[in-house]
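[1] here is the input, now give the coordinates:
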Amino acid sequence: MTDLQEEIQQLGPWFHNIHLPDGTQTAPQHTFGDFPNFKWQEIQSYIPADLSGWKVLDIGCNAGFYTIELAKRGAQVIGIDVDTHYLKQATWIAKQFGLEAQVEFRHLQVYDVAHMEEEFDLIWYMGVLYHLRYPLLSLDILSQKLKRFMIFQTLTIPGEEVLEIPANLDINKREEMQKPGWPVMAFIEKKLAGDITNWWAPNHAAIEAMMRSCGLKVTQHPAHETYLCEPDTSNKNHTHVWNNSEYLSATGQDWQEAVKAKIANKNRTITS
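    Reported below is the predicted structural model:
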């Protein structure tokens with residue numbers, strides 16, 4: 001066993017099989033195969049080859065596979081994760097590729113992004129939403145930090161049907177919600193695949209609808225359960241407009257002060 005392999009073993013177990021510069025792999029016997037490289041191969045052509053000058057956020061970065069791939073293209077990447085074990089691996093991986101100057105790892109929840117000062121050209125949001133107790137809040141937060149586009153992936157209910165939803169559903173016609181293609185998200189009270197943190201499985205229609213409600217739009221579908229989303233400047237019917245106080249309260253921000261500041265800015269505009 002080489003010194004490098006010993007270090008890999010000491011840092012284990014690994015969920016990301018990362019191919020190091022000398023060809024050594026961190027998890028060559030991974031249950032899913034060459035994971036997550038096979039997912040990257042499906043998506044990577046949708047990402048600009050030159051990300052110089054881009055700021056990127058990798059949510060649930062794990063051992064940093066995607067962080068490294070995006071940094072290789074010139075991006076400055078912040079990877080966040082709630083597991084310090086994975087963050088230790090990711091920090092070590094960045095050193096192996098000599099990319100320490102381009103990447104930063106932080107011990108954060110996705111909800112903490114609401115309090116970050118940075119905005120991001122690209123947000124990488126794969127394999128996280130269904131583990132959250134408050135999934136729509138995470139999308140509200142990220143949509144306010146997004147400048148160009150987001151790569152989003154989640155566990156889903158099988159099916160691609162999309163039902164045309166009325167602008168206003170009569171309360172006595174709720175049976176419409178049982179039709180195929182109505183946006184729904186299944187709640188998983190117990191375990192799925194042995195994981196107690198698998199809470200949700202939205203259908204395809206729900207993903208598109210949730211994105212619209214957050215001011216985003218799905219523009220491409222690179223792979224199974226994977227979406228490319230962009231800010232939709234024409235969409236004014238979302239929570240950032242009509243219910244901003246709830247968002248600020250949910251993210252631990254002072255909505256009353258925000259309202260006062262908005263009124264003060266409006267008054268200054270009128271008098272100037």
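
[2] now stretch 184-197: buried residues?
    Going by neighbour count (16 or more other Cβ atoms under 10 Å), the buried part of stretch 184-197 is 185, 188, 192. All C-beta atoms are positioned from the backbone trio N, CA, C, and that covers glycine.

[3] the last one and N198 touch, don't they?
    What it means is L192. Yes: with contact taken as Cβ atoms under 8 Å, L192 and N198 are classed as touching, separated by 3.9 Å.

[4] need the overlap of contacts for those two.
    A shared contact of L192 and N198, defined by Cβ atoms under 8 Å, 6 or more residues apart in numbering, is any residue touching both; here these are L155.

[5] am I right that Y66 falls within a helix?
    Yes: secondary structure assignment (DSSP: H, G, I helix; E, B strand; the rest coil) places Y66 inside a helix.

[6] kindly tell me how buried it is, as a neighbour count.
    Y66 has 26 neighbouring residues, counting by other Cβ atoms under 10 Å.

[7] in contact with it, which residues?
    Per Cβ under 8 Å, 6+ apart, neighbours of Y66: 36, 40, 58, 124, 126.

[8] could you check how many residues crowd around S234?
    7.

[9] what about it, distance to G215?
    Going from S234 to G215 by Cβ to Cβ, to the nearest Å gives 10 Å.

[10] swap in G159?
    Plainly put, G159 is 25 Å away from G215 if you go by Cβ to Cβ.

[11] those two: which is more packed in?
    When neighbours are counted by other Cβ under 10 Å, G215 comes out ahead of the other of G159 and G215, with 22 against 11.

[12] any weak-confidence spans in this protein?
    Across the chain, residues meeting the criterion (pLDDT under 70) sit at 237-242, 256-272.

[13] which stretches of the stretch 101-250 of the chain form strands?
    Per DSSP state E, counting those that start in this stretch, the stretch 101-250 of the chain has strands spanning 103-107, 120-126, 146-153, 185-187, 200-202, 216-223, 226-231. These are given in chain order.
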